[in-house]
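**Student:** how does the following fold in three dimensions:
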Amino acid sequence: MSLQINHLAIRRGKALIVPSLDLAPLQPGTVTALIGPNGAGKSTLIHALAGLLPASGQMTLDGVSLASLSHDRRCQLVGLLPQTLPQAAGLTVYELLLGGLLTLGVPRGEAEQRIEQGLQQLRLGQLAMRAMATLSGGQRQMVALAQLLARQPRLLLLDEPSSALDLHWQLAMVEAISRDVRERGSIALLALHDLNLALRCCERIIVLSEGRCAADGAPLAVLNPALLARVYGISGRIEQCSQRRPVFVLDHLVR
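**Tutor:** Residues are numbered from 1 along each chain as shown. Below you'll find the model as predicted:
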């Protein structure tokens, strides 16, 4: 069972952003990074999978076409963390999380249990009774992540999830996503600009360039100097830090 993408074409208005995309299946229990320069089609692909943009071709999750699902069923199976942060100025964090789960039909007792567990795992318990309007951008982004994980979707789609987060919460985010994927056997696809986050949490990297797949595979195989120069126009390399973790090093522009 997996997420399969074949012959996928996606438009934004009259512009064809993704002309025809074929990818090897995304397997359960894996975290995949979607990287590439600005305008490569990362957010477009994420939004099409979430059902927010029209697309032709095949998008199947566990053998079922996403396009064939009702809106409610698609919302149950596919969860999106967008770049835009949740507002809900009149609600507390707890009210926002509870309302979202009840709307999906989760029984109240189970919803309360999921929220408590999620807030504890993300170390957000102290924010539970805070009004959303009083939170910083990074705090609201972590609340949005808690909301996504509490829904327990089969497919997690995250569009630049680290954009408002400091280093502490970036690490908390990727650890929470990795734990969810490992424990539930879900599938996560993250659109990222931070190559070091991709190296840290992802088993696979897909590189998009002008709406096409420029590379796809294990991070250390994909992120080679030739690819970085061709897609990003930079000279860069992967080295090993003192803790034997791979790290990306940016040297200079090549064009």
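**Student:** how near is Gly137 to Ser163?
**Tutor:** 9 Å (CB to CB, to the nearest Å). Placement of C-beta: from N, CA and C, glycine included.
**Student:** who's more crowded, these two?
**Tutor:** Neighbour count, other CB atoms under 10 Å: between Gly137 and Ser163, Ser163 has more, with 15 against 11.
**Student:** residue contacts, the more buried one?
**Tutor:** By CB atoms under 8 Å, 6 or more residues apart in numbering, the contact list for Ser163 reads 83, 141.
**Student:** so Leu8 lies in a strand, does it not?
**Tutor:** Yes - counting by DSSP: H, G, I helix; E, B strand; the rest coil, Leu8 falls inside a strand.
**Student:** beta-bridge partners for it, please?
**Tutor:** Under DSSP bridges, the beta-bridge partners of Leu8 are Leu21.
**Student:** pretty sure it sits against Leu53.
**Tutor:** No - counting by CB atoms under 8 Å, Leu8 does not reach Leu53; the two are 10.9 Å apart.
**Student:** neighbour count: these two, which is higher?
**Tutor:** Leu8 (21 against 18).
**Student:** pLDDT value on the more buried one, please?
**Tutor:** The per-residue pLDDT reported for Leu8 equals 98.
**Student:** that one and Gly100, how far apart?
**Tutor:** 28 Å.
**Student:** ok, now Glu116?
**Tutor:** Applying CB to CB to Glu116 and Gly100 gives a distance of 15 Å.
**Student:** okay, the two: which has more neighbours?
**Tutor:** The neighbour comparison of Glu116 against Gly100 (other CB under 10 Å) goes to Gly100, with 19 against 15.
**Student:** so what's that one up against?
**Tutor:** Gly100 touches 147, 150-151, counting by CB under 8 Å, 6+ apart.
**Student:** what about the closest residue to Leu195 other than its chain neighbours, which helix or strand?
**Tutor:** Residue nearest to Leu195 in three dimensions, not counting chain neighbours: Phe248, with 4.1 Å by CB to CB, 6 or more residues apart in numbering. Under the criterion of DSSP states H and E, Phe248 resides in strand 246-253.
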